[in-house]
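Chemist: please find the sequence and the predicted model below.
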Amino acid sequence: MNLQALLGQLAHADPRRRDLAADELGDLLRAGAYNQADTEQAVTHLLTTALHDIDPTVRESALHAVNEAFNHRALHLRLFDALQNHLASLDPTLLDYALNILACTHDPAARPVIEVFLNHPNPDVRTSAADALTELPGRRT
């Protein structure tokens, strides 16, 4: 299925179809199948799905797919403004993905956003925040 068809499936009435579309997009992003512009378009649609879909499985699949985009593309923090604005409303599982996404931008401006979650009441979220801060500077060669 091409990119536009998959993006259309993210809005399908059937949550299973939305979930499958997010999974397939994640596979394609992990493989580096899209150029930068198409990757950013896919990520934008996946973020909208992750933040607004009513099905928790679809939301998780969408955020997982966004994480896959970093395997072959550098993505700027500004692409994730909407995600940053919704962090407080995410459950711990989704926060894990979200904090990792912010860290993978390797933008120092993400540090204060991530640091807030070092004091989260859920220990898994605190661990995710600490891991994200470790990833934030990027890999050194």
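Modeler: That came through fine.

Chemist: now do the contacts for Ala69.
Modeler: Leu29, Thr39, Ala42, Val43, Leu75 (CB atoms under 8 Å, 6 or more residues apart in numbering). C-beta coordinates here come from the backbone N, C-alpha and C atoms, glycine included.

Chemist: and the nearest residue to it once chain neighbours are set aside, what helix or strand is that in?
Modeler: Nearest residue to Ala69, sequence neighbours excluded (CB to CB, 6 or more residues apart in numbering): Leu29, at 4.3 Å. Under the criterion DSSP states H and E, the helix or strand holding Leu29 is helix 15-31.

Chemist: report all helices and strands that that helix contacts.
Modeler: helix 3-9, helix 36-52, helix 56-69 (3 or more CB pairs under 8 Å, 6 or more residues apart in numbering; DSSP states H and E).

Chemist: tabulate those (a markdown table), appending distance to Arg17 and mean pLDDT.
Modeler: Shown next, in a markdown table, are the helices and strands packed on helix 15-31 (distance: least, CB to CB, whole Å; pLDDT from 0 to 100):
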| stretch | distance to Arg17 | mean pLDDT |
| --- | --- | --- |
| helix 3-9 | 5 | 96 |
| helix 36-52 | 12 | 97 |
| helix 56-69 | 9 | 98 |
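
Chemist: Arg16: which of the ones you listed is closest?
Modeler: Proximity to Arg16 (CB to CB) singles out helix 56-69 among these, at 8.8 Å.

Chemist: could you point out which element follows the closest one?
Modeler: helix 81-86.

Chemist: now the next helix or strand after that next one against helix 36-52, angle please.
Modeler: Under the assignment DSSP H and E, the closest C-terminal helix or strand after helix 81-86 is helix 92-104. Computed by axes from the mean of the first three to the mean of the last three CA atoms, to 10 degrees, the angle separating helix 92-104 from helix 36-52 equals 150 degrees.

Chemist: pull the CA atoms of helix 92-104 into CSV?
Modeler: Provided in CSV are the C-alpha atoms of helix 92-104 (Å, rounded to 0.1, in the frame of the first residue of the first chain):
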residue,chain,number,x,y,z
PRO,A,92,2.6,5.7,31.4
THR,A,93,2.9,3.3,28.4
LEU,A,94,2.4,6.1,25.9
LEU,A,95,4.7,8.4,27.9
ASP,A,96,7.5,5.9,27.5
TYR,A,97,7.2,6.2,23.7
ALA,A,98,6.7,10.0,23.8
LEU,A,99,9.8,10.6,26.0
ASN,A,100,11.9,8.5,23.7
ILE,A,101,10.7,10.3,20.7
LEU,A,102,11.7,13.7,22.2
ALA,A,103,15.1,12.3,23.2
CYS,A,104,15.7,10.9,19.7
